[in-house]
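# Sequence plus predicted model, see below.
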Amino acid sequence: MASGHPPAPCSLRATMQRASQAGGGLSAPSVRSILYQALRGVAYLHGRGVMHRRLALSYLVFDPRRGAIKLFGLGHARHMDPDGTD
């Protein structure tokens, strides 16, 4: 980080560990934003009949430059029938 560039995107788990080691944590507004984005991503998938099946901090990637969350780990995803079953 000495170069003045923000950190590269990494798992939310790593982001939280870094914040904790720096003596703090994520602010309440940051947590709300992250949760909102993650739930929006899940809703997007569900709206297209896809169930993620492995949501975990390591499958949420945080891009600090944009403040954006991306869902990864879709190799475990399954198609859902309209009744919600896979």
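Looks like it arrived, so ask away.

# beta partners for the most centrally placed residue in the chain?
With distances taken as CA atoms, centre = their mean, the chain has Leu60 as the residue nearest its mean C-alpha position (2.7 Å). Beta-bridge pairing of Leu60, defined through DSSP bridges, involves Leu71.

# Isn't it up against Lys70?
Yes - the criterion here is CB atoms under 8 Å, and Leu60 meets it with Lys70 at 7.4 Å. Quick note: C-beta positions are derived from backbone N, CA and C, even for glycine.

# Kindly tell me how buried Ile69 is, as a neighbour count.
Burial of Ile69, expressed as a neighbour count using other CB atoms under 10 Å, amounts to 21.

# Next one, pLDDT for it please.
The model reports Ile69 with a pLDDT of 89.

# That one touches Leu60, doesn't it?
Yes - with contact defined as CB under 8 Å, Ile69 and Leu60 form a contacting pair (5.5 Å).

# Quickly list what's touching both of those two.
Between them, Ile69 and Leu60 share these contacting residues under CB atoms under 8 Å, 6 or more residues apart in numbering: 12, 34, 38.

# so where do the strands sit in this protein?
Across the chain, reading from the start of the chain, the strands by DSSP state E fall at 10-11, 50-51, 60-63, 68-71, 78-79.

# Rounded mean pLDDT for the third one, please.
The one in question is strand 60-63. This predicted structure assigns strand 60-63 an average pLDDT of 86.

# Alright, calling it a day.
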